[in-house]
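Asker: Let me see the structure of the following:
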Amino acid sequence: MDKKQEKWAIFWCELLDPIIFEEIEATECNQYLKQTAQKEICFPDGKIGKPSISRLRRKLNRYLQGGFDGLAKKPRSDRGKPRIVADEVMQKAIELKKEQPKRSPITINRFLYDMYGLTVPEATLYRHFKQANATRLKLGVIRKKVRKRWTKEHTHDSWVGDFEEGPYVLANNNAIPTYLSAFIDCHSRYIVDARYYYRQNLDVLIDTLLRSWAVHGSSIQLYVDNAKVYHSNGLKAACYRCKIKLIHRPKGEPETGGIIERFFQTVQEQFEAEVRAGDILSLAELNRGFSAWLAMSYHKSIHSEIHKTPEEKYKTGLTCIRQIDLNTALNSFMQKEGRTVHKTFSDVQLNKKFYLVDPKLRGDRVNVWYDPFAHMDKVQIHSLGGVYLGEGILHHRDADVSTLPEPTLGKPKNNLIDILVREHKKELAKETGGIDYRKVVNTRPWPFHEFAKMVADLMGKKAGLADLSSGELEALKKTYNQSTSINKNMLKKAFEKAFHKTVPYIVLELKLLIKNEKEKN
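Answerer: Numbering: from 1, shown residues only. Just a heads-up that it's a prediction; the model follows:
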């Protein structure tokens, strides 16, 4: 007797209680049953009605014959057997299935119709196949993989990346959807980088990866799903150049992405639920709050799988940092097309669009580097030998020619002032006994906080330094410490040259300027 039948048995016993315990005379039993049949009562299934006198007598007889357990429903004699379809037909269906396990219900019904002139519903077939151990799984046709918990021994052994839909944000007085791009370390469950974007394409993936590589170095493996952006030649080339093993999630096996999917679920339950409950935010405000939640909540909370905080697990599992050349990685994501600069309009054509280039290149054969997934407002122009020649700006040929930029002469290589300054330094060194006063004065004219604040201002960060993440500040600090020659003009020049106005790209251009400065000296 199961719980449901036990509940009904108790109900009937309570109705028949005076008769069961002989509290009334035998001659009065019939009268009691008639009175009970006239009363409206609530049955255990919630229905209200009057029990018939025949039903009451039947329940009483079953109790008197079998006791409390006698009130349980008796199992059907044909339980497990087809009630409408003949047993012979079902046995034939099972035989057909075992004979060829890959036969579908449609095929089996064709056999049955040919033999018996009838068909059997698919659900009925499956139920009986399962009872007879004749399903595809039981017959060994389908072999499901036996999985185990996925982890790695050390930090940065493997990163798992994916996109997820985020909350709406306010932009230009419109509500616009966002997408969360994230990479998680498999060993520690630490988020090496994650932020919200307006779209999910290759330039977003590049930005997330460059931020991750700039702060943490690279991983040994990169595990992603089968989306189009993860199969781009640029990503494959960057991974090969940086010696990163790129692994794609097998098709039809969503379980293997459980680590990143579990993180997305945590984000939805803990962070996005709070965001959606409040006022709609801008993209900058959303990312600022998300960075704070990662740093103060997620990374400092005990993870149910690793039983430690991701921050602690990250530090204890860190054995080395694999630094990579960001410039090499960035070039891997660019598509390259050979073009000849138009002699009259001083532009190149790409995908039915025209890009204005330096007039000095008219008639030259050049390589156009571009990101096919970006907005394509600008492209990079390189010589056939790979030397960077400048940018190509999207324009219309019917524009006024007077708007074309005039050629400007570059800085002369030979400068008389530089010669005089060097000679003056040598003379001062002789007079002062070789004392280098630059070493005596150890302070720098431009403090780091002013340098970082100018970066934030150039990027349009309204909150200044507060808008920069700890990873971005760390990358800026490393670059700042590389050279004492960094100044405002150099930073402005690096910002103007940056292909994307983000910290990794600005840092990349700064490093190139510092390198050129050292070579000149």
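Asker: Alpha carbons only: can I get stretch 292-304 in PDB?
Answerer: The C-alpha coordinates for stretch 292-304 follow below in PDB (Å, rounded to 0.1, in the frame of the first residue of the first chain):
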ATOM      1  CA  ALA A 292      32.800  45.100  -8.000                       C
ATOM      2  CA  TRP A 293      30.600  42.000  -7.600                       C
ATOM      3  CA  LEU A 294      33.300  39.800  -9.000                       C
ATOM      4  CA  ALA A 295      36.000  41.200  -6.800                       C
ATOM      5  CA  MET A 296      34.000  41.400  -3.500                       C
ATOM      6  CA  SER A 297      31.500  38.600  -3.800                       C
ATOM      7  CA  TYR A 298      32.300  35.900  -6.300                       C
ATOM      8  CA  HIS A 299      36.000  35.600  -6.000                       C
ATOM      9  CA  LYS A 300      35.800  35.800  -2.200                       C
ATOM     10  CA  SER A 301      33.000  33.200  -1.700                       C
ATOM     11  CA  ILE A 302      33.500  29.500  -1.100                       C
ATOM     12  CA  HIS A 303      32.800  27.600  -4.300                       C
ATOM     13  CA  SER A 304      30.700  24.400  -3.900                       C
END
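Asker: Excluding covalently adjacent residues, which one is nearest to Ala227?
Answerer: Spatially, and ignoring its direct neighbours in sequence, Ala227 is nearest to Phe163 (7.1 Å; CB to CB, 6 or more residues apart in numbering). C-beta here means a position set from N, CA and C on the backbone, and glycine is covered the same way.
Asker: mind checking how far Asp418 is from Leu394?
Answerer: Using CB to CB, to the nearest Å, we find Asp418 at a distance of 39 Å from Leu394.
Asker: Give me the more crowded residue out of those two.
Answerer: Shown here are Asp418 and Leu394; by other CB atoms under 10 Å, Leu394 has more neighbours (15 against 11).
Asker: ok so the more buried one is a strand residue?
Answerer: Yes - applying DSSP: H, G, I helix; E, B strand; the rest coil, one finds Leu394 inside a strand.
Asker: tell me the contacts of it?
Answerer: Applying CB atoms under 8 Å, 6 or more residues apart in numbering, one finds that Leu394 lies in contact with Lys353, Phe354, Tyr355, Leu356, Met376, Asp377, Lys378.
Asker: Ile220 now?
Answerer: Ile220 neighbours (CB under 8 Å, 6+ apart): His156, Asp157, Ser158, Ile244, Lys245, Arg322.
Asker: Isn't the third one up against Ser219?
Answerer: Yes - taking contacts as CB atoms under 8 Å, Ser158 lies within contact range of Ser219: 5.9 Å.
Asker: of the two, who's got more company?
Answerer: Ser219 (27 against 22).
Asker: And that one, how close does it get to Tyr314?
Answerer: In terms of CB to CB, Ser219 sits 12 Å off from Tyr314.
Asker: between the two, what contacts are shared?
Answerer: Joint contacts of Ser219 and Tyr314 (CB under 8 Å, 6+ apart) are Asp185.
Asker: Neighbours of the closest residue to Ala452 other than its chain neighbours, how many?
Answerer: Spatial nearest neighbour of Ala452, chain neighbours left out: Leu476 (5.4 Å); criterion: CB to CB, 6+ apart. By other CB under 10 Å, the residues close to Leu476 number 21.
Asker: Ser291 now?
Answerer: The number of residues packed near Ser291 is 19, by other CB under 10 Å.
Asker: Dihedrals phi and psi, it?
Answerer: Taking degrees, to the nearest 10, you get phi -60, psi -40 for the backbone angles of Ser291.
Asker: Please name the residues that touch it.
Answerer: By CB under 8 Å, 6+ apart, the contact list for Ser291 reads Arg195, Ser469.
Asker: element containing the residue nearest to Phe499 when sequence neighbours are not counted, please.
Answerer: Using CB to CB, 6+ apart and skipping residues adjacent in sequence, the residue nearest Phe499 is Tyr505, 5.7 Å away. Remark: Tyr505 resides in helix 503-520, with elements defined by DSSP states H and E.
Asker: Can I get that helix as PDB, trimmed to CA atoms?
Answerer: The C-alpha trace of helix 503-520 is given here as PDB (Å, rounded to 0.1, in the frame of the first residue of the first chain):
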ATOM      1  CA  VAL A 503      43.700  49.900 -22.300                       C
ATOM      2  CA  PRO A 504      45.400  46.900 -24.000                       C
ATOM      3  CA  TYR A 505      45.600  48.700 -27.300                       C
ATOM      4  CA  ILE A 506      46.800  52.000 -25.700                       C
ATOM      5  CA  VAL A 507      49.500  50.000 -23.700                       C
ATOM      6  CA  LEU A 508      50.500  48.300 -26.900                       C
ATOM      7  CA  GLU A 509      51.100  51.600 -28.700                       C
ATOM      8  CA  LEU A 510      52.900  53.100 -25.700                       C
ATOM      9  CA  LYS A 511      55.300  50.200 -25.700                       C
ATOM     10  CA  LEU A 512      56.100  50.700 -29.400                       C
ATOM     11  CA  LEU A 513      56.700  54.400 -28.800                       C
ATOM     12  CA  ILE A 514      59.000  53.700 -25.800                       C
ATOM     13  CA  LYS A 515      60.900  51.200 -28.000                       C
ATOM     14  CA  ASN A 516      61.300  53.700 -30.700                       C
ATOM     15  CA  GLU A 517      62.500  56.300 -28.200                       C
ATOM     16  CA  LYS A 518      65.100  54.000 -26.800                       C
ATOM     17  CA  GLU A 519      66.400  53.100 -30.300                       C
ATOM     18  CA  LYS A 520      66.800  56.800 -31.200                       C
END
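Asker: which is the next helix or strand following the helix-or-strand element of the chain with minimal mean pLDDT?
Answerer: When the helices and strands of the chain are scored by mean pLDDT, DSSP states H and E, helix 437-440 comes last with a mean of 39. Per DSSP H and E, the first helix or strand lying C-terminal to helix 437-440 is helix 448-458.
Asker: What's the local residue count around Thr484?
Answerer: Around Thr484 there are 11 residues (other CB under 10 Å).
Asker: Is the closest residue in space to Val348 that isn't next to it in sequence in a helix, a strand, or coil?
Answerer: For Val348, ignoring the flanking residues on the chain, the nearest one in space by CB to CB, 6+ apart is Arg339 at 4.2 Å. Classification of Arg339 using three-state DSSP returns strand.
Asker: Quick check: neighbours shared by Ser158 and Ser219?
Answerer: Asp185.
Asker: Now the residue of the chain most remote from its centre: phi and psi?
Answerer: No residue in the chain sits farther from the centre than Thr27, which is 78.3 Å out by CA atoms, centre = their mean. The phi/psi pair for Thr27 (degrees, to the nearest 10) reads phi -70, psi -20.
Asker: What residues does Lys4 make contact with?
Answerer: Lys4 makes contact with no residue, according to CB under 8 Å, 6+ apart.
Asker: Ok, the one 5 residues further on next?
Answerer: When contacts are counted by CB under 8 Å, 6+ apart, Ala9 is found next to Met1, Phe68, Asp69, Leu71, Ala72.
Asker: one more time with 10 Å
Answerer: For Ala9, the contact set (CB atoms under 10 Å, 6 or more residues apart in numbering) comprises Met1, Pro44, Lys59, Arg62, Tyr63, Gly67, Phe68, Asp69, Gly70, Leu71, Ala72, Lys73.
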